[in-house]
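Return atomic coordinates for the entry below.
(chains A, B and C)
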Amino acid sequence: MSGPSTYEPKSAFTRWLDRRLPIVRLTHDSFVAYPTPRNLNYWWTFGAMLSLCLVVQIVTGIVLAMHYVPHINYAFASVQRIERDVPFGWLIQNMHAVGASMFFLAVYVHMFRGLYYGSYKAPRELLWILGCVIYLLMVATGFLGYTLPWGQMSFWGATVITNLLGALPLIGESIKNWLMGGFSVDQPTINRFFSLHYLLPFVIAGVVALHVWALHEAGQNNPAGVEVKSKADTVPFTPHATMKDLFATTLFVIMFAIFVFYMPDALGHADNFIPANPLQTPPEIVPEWYLLPFYAILRAFDFNIGPIDSKLAGVLAMFASIGVLFLLPWLDTSRVRSMRYRPIARQFFVIFFFVCLALGWCGGKNPGLILFKVADFSATLTWVEGGQVTEQAIQAEGAAQWDDASSAAVAAAREGGATMTAVTRTGASTGTLRTVSGGETRNAQVSADTADLLEEEITHVKEEAGQAMPFFSIERRSPARFTVTNFSLLLTIYYFLFFIVILPVLGLRERPNRVPDTIAKPVLNEAQGAS
Amino acid sequence: MLRVLSAAAAVIVASFGIAFAASEAEHPENHPFSFESPVGSYDMAAVQRGFQVYQQVCSTCHSMDHLAYRHLGQEGGPFALYMVRSHETGEMEPHVGKPAHGGTFVDVTENPYVRAIASGVTIVDVDPNSGQLADRPGRISDRFRRPFPNEIAARASNGGAYPVDLSVITSARHGGADYIRSLLIGYDGTSEGTLYHNRYFPGGKIAMPPPLAEGAVPYADGTATTVEQYATDVATFLQWSADPHMEERKRMGFVVLAFLVVLSGLLYLAYKQVWRGESH
Amino acid sequence: MAEAAANNAHGDGDTTRRDFIYIAGASVAVVGVGATVWPFIDQMNPAADTRALSTTEVDLGAVPEGQQIKVIWQGKPVFVRHRTAAEIAAAQRDDFANLKDPQSDAERLVQEDGQAGQPAWLILQASCTHLGCVPTFVEGSSFGGWFCPCHGSDYDTSGRIRRGPAPKNLLVAPYLFTGPTAIRIG
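Numbers count the residues shown, from 1 in each chain, chains lettered A, B, ... in the order given. Now for the predicted structure:
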């Protein structure tokens, strides 16, 4: 693909160097003369932005490590010291925190681009898989780093995520304790998380090198999804791609700077400004925005699936949602790469994109939040005003006979003209029957938006009726409803269907549009005005 | 396709801007603080007054562990000292707080106002001769005096409630300074056991008794000594304390963005130049 | 490559405009990189909290004549020496000796605000001016004062360098009498 090297050392020194360490040749072949498809659009500039993000995170991170103290009593204060006292500390800390968000924003665009244009297909399977490895490492690094400021979200995020591993059968508990270095998130945890958070970015850098190597071996994919066939299909990397990357990256840096200088905390969470408190969980624990879709998948299961309990199901689904990306090159059976020429797949892709967004939205919401319901929560209260109250004991022969004995007593009371009855069980086979006879039966209907509000309404009615009323009969009705959890499950199902069913089946059955023979051809045909 | 994705991206960015929390409490009253806009700055007189209210009222229960007295006199701090050339005499005169224009910053170690504030506070420290805990006058390098030695003592003195640290409180609460200000004026004068009704506090009942009373803190600059004014000033001071570098940040941001816009313009031209004559 | 192609295609009229864009772009980018580097260098300078740890109070009543104490100021040791009459006399006698770093004893007692100090009290930064070890006061040493164990520098009873590799006298710490028996260092 790259072809023979076109580098010709010009001076005596470069000739001397080239014979011994052909580093200039490597750079020239990889980043200067490297033939780049001429039809790459702006979605292909995110690789450059990602490189920038990695450099920014490593440089600012090294700086922060000079001032940060990985200790449960001093971590929060040391971050405050960085913000207040270290020269430019506020700037560097903001860059690092915002940088993490920017990194993920760029990586998501990069991944969706690869997905849309089929950049994972042969011969780029390893390129894609290395990318998935980088993404996994990024998630791990982001999670570890979020723990370090030792605010409430840091602490409880770490607690929740380490507890996930406890869901694994048999070994879960041991793995959890191994990871935390104790029985809770504590000093050993913050120390090792700091060490690993420092280490992983360099591992990422290593895998990025492999990723770029694989890219240069297989060559870049392009919006048409057809391979480069002749020199007419390409332009040299420098200056054509470099200038475009530089321009696009500068626009990206503008967005980065707006966050750093004008809303440094907009992407974070207020609770992380409260120092970690192992005795009190914040009302809502949410991860950073870039992990919300996975958090939604984790919480999508509120029922057991056979031997798999709901917690394990969530954990497995969450890992599988990333794991399935590794199999993608073999799941998509289509012979056409770019979805530009796959009208049906494209529609499913757009749905998939919005499903991912919706999952992110669900991840940030209270799982019990009701999205829609067929009716309000309602209840009917019945009570009797001015009746005679009598009490009598019920004695069954044994616990097994309790039901019979109590219903017999109730039936007898009804026969006797009781307006209302209530049974209170006081032991395995004993209880009290209270009956009201005479008086006037009253009803009240209440309804509310949520179950909690309904209980408030009920209390309200009881207070109005007066506590003197002996008892109320309350019939509660919960409407069929659709919660964030239900929605998450639906979205999760589509997420997996897309990879496991839609792509494999569609690839075999779909009739793609005509794919151009070469990159240059459509470019030359629609030279005027094409995107 | 491009258009669809871009529109969708705009939607995500917008939706992530929305705050997460939803509580039963009333939404904080929106107050037009001077620091809110992208070019907004602190009203330093309000920060000074707010510090005074903190010092005389709040500090009896609330710590501010991450602040030291020297922070009051750092560049951009409420008691920062500047030497400014006087219009009338042409002499250099001291000026506390941010001067309208010009002025040379005087290092906080040379700042008599901050020194006076610090030495007016009694700090408990290890006596260098006896090794026992003893009182001494504060120094500018001291952290703000803690009202209680630890959380247990704080709870014991406050009926089990813990008066939170206020160093970064406006960052730690949804609504920020608006919330703090609303909370301080949100009492309706009724209480229930040891809890006080406050319409802005999540749950509606707060352990903190109404801290501010009209006229409780005398102001030297003639500002009205109402509860609302106190609340506004304290909220401004706490916003400064949570984000002391805000003014520097916004100033630098303006320069950086202007630079980047110029750079991106030049790079766009260069990019177009490079691709001139290349169909793509 | 591309530049050559562009040249052929558009002739020389464009050359100046094109060069201007490239040069302007590159210069602006260089300025940007330069400005970005500065915060990353400056962050290693002493932070505001470190810089403000400036003063140490010392009660002189606790130091008997002929003794010294070491106090910490800005993280470094400082000698507070209560000199005997013999030490003071020796220091003043040597004012005109052949000194490596000539300074009179009186000059070495001057307080931070320029006032004269008291001959009995010598306040010195306890770092050898050679490579920063802490010298020890050795009674009866060649010059009656401090001796640095690391590389053998000898200081006299005024803390002036008399022999050995150190180039300068022991630095006088900035101090001020805040009472008859109290000083503030820094």
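
Residue 19 - how many residues pack around it?
I went with chain A, as the question did not name one. 9 (other CB atoms under 10 Å in any protein chain shown). Every residue, glycine included, has its C-beta placed from N, CA and C.

ah, I was thinking of chain C
12.

So for the helix or strand it falls within, mean pLDDT?
In the assignment (DSSP states H and E), residue C:19 maps to helix C:13-42. Averaged across helix C:13-42, pLDDT comes to 87.

Relative to residue B:41, how far out is residue A:258?
Distance, residue A:258 to residue B:41, using CB to CB, to the nearest Å: 19 Å.

Next up, the contacts around the residue of chain A at minimum distance from chain B.
Ranking the residues of chain A by distance to chain B (CB to the nearest CB) places residue A:261 first, at 2.6 Å. Residues near residue A:261 by CB atoms under 8 Å, 6 or more residues apart in numbering or on different chains: A:94, B:249-250, B:252-254, B:256-257.

Repeat the analysis, applying 10 Å as the threshold.
The contact partners of residue A:261, by CB atoms under 10 Å, 6 or more residues apart in numbering or on different chains, come to A:91, A:94-95, A:98, B:38, B:248-257.

Neighbour-wise, give me the winner out of these.
Going by other CB under 10 Å, residue A:95 tops those with 28 neighbours.

Check which helix or strand residue A:5 maps to.
Residue A:5 belongs to no helix or strand, assigned by DSSP H and E.

Excluding chain neighbours, what is closest to it?
Leaving aside its sequence neighbours, residue A:5 sits nearest to residue A:29 (CB to CB, 6 or more residues apart in numbering or on different chains; 5.1 Å).

gap between that neighbour and residue A:216?
Residue A:29 is 8 Å from residue A:216, by CB to CB.

Which strand residues bridge the nearest residue to residue A:368 once chain neighbours are set aside?
Distance criterion CB to CB, 6+ apart; nearest residue to residue A:368, sequence neighbours excluded, is residue A:483 at 5.8 Å. Beta bridges link residue A:483 to residue A:370, judged by DSSP bridges.

What separation is there between residue A:483 and residue B:139?
For residue A:483 relative to residue B:139 (CB to CB), the value is 57 Å.

Which positions in chain C make contact with chain A?
C:1-3, C:22, C:25, C:29, C:32, C:36-52 (CB under 10 Å from any CB of the partner chain).

Report the entries of those that also contact chain B.
C:2-3, C:22, C:25, C:29, C:32, C:36, C:39, C:48-52.

Could you dump those into JSON lines and include neighbour count?
Below are those laid out as JSON lines (neighbours: other CB atoms under 10 Å in any protein chain shown):
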{"residue": "C:2", "neighbour count": "18"}
{"residue": "C:3", "neighbour count": "14"}
{"residue": "C:22", "neighbour count": "18"}
{"residue": "C:25", "neighbour count": "24"}
{"residue": "C:29", "neighbour count": "15"}
{"residue": "C:32", "neighbour count": "17"}
{"residue": "C:36", "neighbour count": "13"}
{"residue": "C:39", "neighbour count": "18"}
{"residue": "C:48", "neighbour count": "19"}
{"residue": "C:49", "neighbour count": "16"}
{"residue": "C:50", "neighbour count": "15"}
{"residue": "C:51", "neighbour count": "17"}
{"residue": "C:52", "neighbour count": "24"}
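
so what pLDDT did the residue minimising distance to the centre of chain C get?
Centroid check for chain C by CA atoms, centre = their mean gives residue C:171 as the closest residue, at 7.9 Å. Residue C:171 is assigned a pLDDT of 93 by the prediction.

again with residue A:438
77.

and it, what does it touch?
A:384, A:386-389, A:417-419.

and the closest residue to chain C within the stretch 101-250 of chain B, what does it touch?
Closest approach between the stretch 101-250 of chain B and chain C, counting by CB to the nearest CB: residue B:141, at 4.5 Å. Listed by CB under 10 Å, 6+ apart, the contact set of residue B:141 reads B:68-70, B:108-109, B:118, C:48-55.

How is the residue nearest to residue A:5 assigned, secondary-structure-wise?
helix (DSSP: H, G, I helix; E, B strand; the rest coil).
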